[in-house]
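Colleague: one predicted model, sequence on top.
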Amino acid sequence: AQSVAQPEDQVNVAEGNPLTVKCTYSVSGNPYLFWYVQYPNRGLQFLLKYITGDNLVKGSYGFEAEFNKSQTSFHLKKPSALVSDSALYFCAVRDKAAGNKLTFGGGTRVLVKP
Amino acid sequence: GAVVSQHPSWVICKSGTSVKIECRSLDFQATTMFWYRQFPKQSLMLMATSNEGSKATYEQGVEKDKFLINHASLTLSTLTVTSAHPEDSSFYICSADRAVGELFFGEGSRLTVL
């Protein structure tokens, strides 16, 4: 069965500092990996995805993520965090062997302080 | 980008009544839609996979008679919470599959059962 782990419930960072949100995954086949952001009482907004190709994926709002197959990780990064980046971030994995279902990590709350 | 519309955004109902939530893909056809449930400060839990023209596939532990799913067309899936009780109060989110690797989410529907 596929699974996703986000080891940190919350990440605090000062505005302007680099932001990293960790994600590791487990799948039986080749993973499709995603990052989504959720603001209070809203749906999920797509940030970026890795399907194949370059391990470094660039996405929306200045976010990027690096696919590391040997470490089964897909950490989300932003070089300089903004207060408006404060939100709930979800890593997700999709596996054809699991019927293309999307499995989410537990979420990481990011708090960017001015 | 693709748009998925979910309606209503908020609904309050009395215990014992049924509530229908609609999920529409506005600018693409979706043969598959997914319904998730999210409890406060928790991740998304997949409830069921809605397939156009056939029965929904429910995840283990989800009562199919309680949560009726209908996917009557390529752009519309509905979730009906039957005989709702306070424990059904939650945030329900749908997503629509445009192609493998492209999953778009609705804005969510917050159900409060009194």
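Modeller: Done, it's in.

Colleague: shaky segments in the chain?
Modeller: No chain specified, so I'll use chain A. A:98-99 (pLDDT under 70).

Colleague: my bad, the chain I had in mind was chain B
Modeller: Ranges of chain B meeting pLDDT under 70: B:1-2, B:99-101.

Colleague: chain A contacts on that one?
Modeller: B:1, B:4, B:6, B:32, B:34, B:42-44, B:46, B:49, B:57, B:91, B:93, B:95, B:97, B:100-101, B:103-108, B:110 (CB under 8 Å from any CB of the partner chain). For glycine as for every other residue, the C-beta is placed from the backbone atoms N, C-alpha and C.

Colleague: repeat that with 10 Å
Modeller: Contacts of chain B with chain A, taken as CB under 10 Å from any CB of the partner chain, map to B:1-2, B:4, B:6, B:9-10, B:32, B:34, B:36, B:38, B:41-46, B:49, B:57, B:59, B:91, B:93-95, B:97, B:100-110.

Colleague: please, where are all the strands along chain A?
Modeller: Along chain A, counting by DSSP state E, strands occupy A:3-5, A:10-14, A:19-21, A:24-26, A:32-38, A:44-50, A:56-58, A:64-68, A:73-78, A:87-94, A:102-104, A:108-113.

Colleague: okay, the nearest residue to B:Leu76 once chain neighbours are set aside and A:Ala87: tell me how far apart.
Modeller: Leaving aside its chain neighbours, B:Leu76 sits nearest to B:Arg24 (5.3 Å; criterion: CB to CB, 6 or more residues apart in numbering or on different chains). Relative to A:Ala87, B:Arg24 is positioned 25 Å away (CB to CB, to the nearest Å).

Colleague: go on, A:Lys113?
Modeller: Relative to A:Ala87, and taking CB to CB, A:Lys113 is found at 14 Å.

Colleague: out of those two, which sits in the busier spot?
Modeller: Neighbour count, other CB atoms under 10 Å in any protein chain shown: between A:Lys113 and A:Ala87, A:Ala87 has more, with 19 against 11.

Colleague: the more buried one against A:Phe63, yeah?
Modeller: No: under the criterion of CB atoms under 10 Å, A:Ala87 is not in contact with A:Phe63, lying 11.4 Å apart.

Colleague: common neighbours of the two, please.
Modeller: Common contact partners of A:Ala87 and A:Phe63 (CB atoms under 10 Å, 6 or more residues apart in numbering or on different chains): A:Val37.

Colleague: contacting residues around B:Ser18?
Modeller: Here B:Ser18 is in contact with B:Leu68, B:Thr80, B:Val81, B:Thr82, B:Ser83, B:Ala84 (CB under 10 Å, 6+ apart).

Colleague: give the contact list for the last one.
Modeller: So that's B:Ala84. Counting by CB under 10 Å, 6+ apart, B:Ala84 touches B:11, B:13-19, B:66, B:111-114.

Colleague: buried ones only from the residues you listed, please, as a ChimeraX command.
Modeller: Remark: buried members of these, expressed as a ChimeraX selection using 16 or more other CB atoms under 10 Å in any protein chain shown:
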select /B:11,13,19,111,113
